[in-house]
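Novice: model this:
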Amino acid sequence: LEGETFAWGLSKSTFTIWNKMRQLLAMTMAALVQFMPIASHASENWSHPIAADDARADLVALYSGLQSAHFNLFVNRSREDYDALFDQTLATFKQPQSRLELWRTLQAFTAFGRVAHAKIDFPADAYGEYREQGGKAFPIYLKIDDGRAYISENYSSSDVVSEGDEILAFNDDPMSAWLDRTGSYVSADIPYIAHSLLESGFPMYLWLVIGERETFELQLRKDNNRIVTAQVAALSYDDLLTRIEAAPERFTLDYTSRVAQMLDESVGYLRPGPFYNVENPDTLWDNTAMIEFVDAAFESFIANKAKALVLDLRNNPGGDNSFSDPIIAWVADEPFRFASSFLVRSSNEAAASNQARLDAHPDATTSVSALYAEAFSSTPRGETFKFDIPLAQPRQGKQFEGRVYVLVNRNSYSNAVNTAAIFQDYGWGTIVGEPTADFATTYGAMEHFTLPYSGFKVSFPKAHIVRPSGDTQPGGVQPDILISSPIVATATDTVLERLLETISED
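Specialist: Below is the predicted model:
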């Protein structure tokens, strides 16, 4: 996701942060590359035709590569079902198609496996080009709760549409059908994950499914249970931007900022920001400044005699545990690690992807990638090896002894989820908020291989990661205290306000 393209399809809550942090965007995405690989061939013409024979060759390469490299491709879909889809898809390639059409087909094939970390990234640059050329899109963003879609942000000119309305039907079809259609292009283990991603990106995925439309018809349920029909006009990007900028202020979480403060005389608040060096793109994994920030924060909490701490991991994109372990060490009373088991499948694809990182950084002879390379060289292809996760140690000397409340939401990802799982599984904190969409026990540690004709990068999970408790059932971190994010954001942080009420009652 590059430059202006990133903003084309985002909701205001996401867009506001983007607009403030646009200069940091490329660096941020680079930091997340091991978790969310950037799609290749971003400058390619998405309308460029690809011959039918080449499309078939890419599908063959995709399926064979996934079978070879994916830790467990058939965990959620049987081989028979996948084979049947392969035959059906192969038969559709009878004439040339554009790169965008081929992306749709190949990503739907990849997403069929229902594993979030197997995917071909969304062609955001294609959507950005469409919007830049004046293309119109759906001007409403969603909040999806238990499979029901609500209007979270409304930038339409319709006087019938209100934020908070439930969308029952869209262009004469049930809204549930549209969530399924758009969700078929989202790699996700469960609908909750797909829906969390569709919330900020529904206009993009809708464009992917139906192309440009001038108007949309919605059937809505108002808060008094009255059913109404509304006609909504599509908006150009310039018109959408004007309305976003004119909209009332909403509470948003700046995921790039690091905040440490006392909320009142007894409650400290720590929002650590991403677990990588967001301040300096040249040293993304240098945690020196992070450790200094964390140590100063806890020294301040202790000096102020804080009896409780709120660790806010909402909207945290994650990163590396070398940034999060220093936080946990301030409360840990025994050695800890984010996984009780970390098994890796050896494959040519994973070994090549890992070697590419080493080639780019030949001096990293003691890095994790170097350890992987040794393991790949000694493990027969198709077999697994245990990758040892070293134990992190509790902090020596002064520690924080108050209660810890860890705030999470559906947009807590990657190492933020691992951090919450450590606090929960070791009994060092109370998890508050809503279930994380990203899993604590999961198929992850993504690598990629490249398809020969389209140049698409296919991400796949090379590892099976089990959370500290040893629970092998895949799933996100479930809160001990459930506080759902509001359907319509207000000017204040209502989730944090409710948590402070709970803390005061304890």
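Novice: C-alpha only now, for contacts and for neighbours.
Specialist: OK.
Novice: Is residue 157 in a helix, a strand, or coil?
Specialist: Going by DSSP: H, G, I helix; E, B strand; the rest coil, the secondary structure assigned to residue 157 is coil.
Novice: lowest average confidence, helix or strand, in this structure?
Specialist: Taking all helices and strands of the chain together, the one with the lowest average confidence (mean pLDDT, DSSP states H and E) is helix 25-31, at a mean of 34.
Novice: Can you pull the poorly scored residue ranges out of the stretch 1-150 of the chain?
Specialist: Using pLDDT under 70 as the threshold, the predicted model of the stretch 1-150 of the chain has low-confidence ranges 1-44.
Novice: Please give the number of neighbouring residues around residue 461.
Specialist: Applying the criterion other Cα atoms under 10 Å, we find 27 residues in the vicinity of residue 461.
Novice: got the contact list for whichever strand or helix holds it?
Specialist: Counting by DSSP states H and E, the element that carries residue 461 is strand 457-466. The list of residues contacting strand 457-466 from outside it, by Cα atoms under 8 Å, 6 or more residues apart in numbering, reads 37, 39-40, 62, 66, 69-71, 117-121, 339-346, 350, 440-451, 472.
Novice: In PDB, list the C-alpha atoms belonging to that strand.
Specialist: The C-alpha coordinates for strand 457-466 follow below in PDB (Å, rounded to 0.1, in the frame of the first residue of the first chain):
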ATOM      1  CA  LYS A 457       3.200 -12.600  -4.200                       C
ATOM      2  CA  VAL A 458       1.400 -15.400  -2.300                       C
ATOM      3  CA  SER A 459       1.800 -15.200   1.400                       C
ATOM      4  CA  PHE A 460       1.500 -18.400   3.400                       C
ATOM      5  CA  PRO A 461       2.000 -19.500   7.100                       C
ATOM      6  CA  LYS A 462       5.000 -21.700   7.600                       C
ATOM      7  CA  ALA A 463       4.400 -22.300  11.300                       C
ATOM      8  CA  HIS A 464       1.800 -23.400  13.800                       C
ATOM      9  CA  ILE A 465       2.000 -21.200  16.900                       C
ATOM     10  CA  VAL A 466       0.400 -22.300  20.200                       C
END
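Novice: Can you name the residues in contact with the following helix or strand past that strand?
Specialist: Heading C-terminal from strand 457-466, the first helix or strand you meet, by DSSP H and E, is strand 481-482. With contacts defined as Cα under 8 Å, 6+ apart, strand 481-482 is touched by 430-434.
Novice: cool, stretch 139-151 as well?
Specialist: Under the contact criterion Cα under 8 Å, 6+ apart, stretch 139-151 has outside partners 11, 152-156, 162-168, 175-176, 191-192, 195-196, 198-203, 233-235, 240, 487-488.
Novice: quick one, longest helix in the chain?
Specialist: Assignment by DSSP state H gives helix 191-210 as the longest helix of the chain.
Novice: Would you mind listing the buried residues in it?
Specialist: Across helix 191-210, burial judged by 16 or more other Cα atoms under 10 Å covers 191-208.
Novice: Which secondary structure elements does that helix sit against?
Specialist: For helix 191-210, the packing partners by 3 or more Cα pairs under 8 Å, 6 or more residues apart in numbering; DSSP states H and E come out as strand 140-145, helix 175-183.
Novice: Excluding residues flanking it in the chain, which one is nearest residue 235?
Specialist: Excluding the flanking residues, the one nearest residue 235 by Cα to Cα, 6 or more residues apart in numbering is residue 136, at 4.8 Å.
Novice: Please enumerate the helices of the stretch 251-400 of the chain.
Specialist: Under the criterion DSSP state H, counting those that start in this stretch, the stretch 251-400 of the chain carries helices at the ranges 288-303, 321-329, 348-360, 368-378.
Novice: Any idea which of the ones you listed gets closest to residue 418?
Specialist: Closest approach to residue 418 among these is made by helix 321-329 (8.5 Å; Cα to Cα).
Novice: What angle do helix 288-303 and that closest one make with each other?
Specialist: Taking axes from the mean of the first three to the mean of the last three Cα atoms, to 10 degrees, one finds helix 321-329 and helix 288-303 inclined to each other by 10 degrees.
Novice: For helix 321-329, which outside residues touch it?
Specialist: Residues contacting helix 321-329 (Cα under 8 Å, 6+ apart): 275-276, 287, 290-291, 294, 392-395, 415, 419, 423.
Novice: try 7 Å
Specialist: Defining contact as Cα atoms under 7 Å, 6 or more residues apart in numbering, one finds that helix 321-329 is touched by 275-276, 287, 290-291, 294, 392-395, 415, 419.
Novice: do the same with stretch 64-73
Specialist: Defining contact as Cα under 7 Å, 6+ apart, one finds that stretch 64-73 is touched by 113, 345, 347, 349-350, 460-464.
Novice: Export the contacts of helix 321-329 to CSV and append columns for distance to residue 383.
Specialist: Compiled in CSV, those are given as follows (distance: Cα to Cα, whole Å):
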residue, distance to residue 383
275, 31
276, 32
287, 34
290, 38
291, 38
294, 40
392, 28
393, 32
394, 35
395, 38
415, 26
419, 29
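Novice: Go through these and say which is closest to residue 360.
Specialist: Each of the contacts of helix 321-329 was checked against residue 360 using Cα to Cα; the closest is residue 276, at 19.4 Å.
Novice: The closest one and residue 256, how far apart?
Specialist: Distance, residue 276 to residue 256, by Cα to Cα, to the nearest Å: 10 Å.
Novice: Between these two, which is the more surrounded one?
Specialist: Set side by side, residue 276 and residue 256 show more neighbours around residue 276, with 26 against 22, by other Cα under 10 Å.
Novice: circling back to that earlier point, next step: the contacts of strand 457-466 restricted to strands.
Specialist: With strands identified by DSSP state E, the entries of the contacts of strand 457-466 that belong to them are 341-345, 442-450.
Novice: Am I right that residue 167 is in contact with residue 220?
Specialist: Yes - with contacts defined as Cα atoms under 7 Å, residue 167 counts as touching residue 220 at a distance of 4.7 Å.
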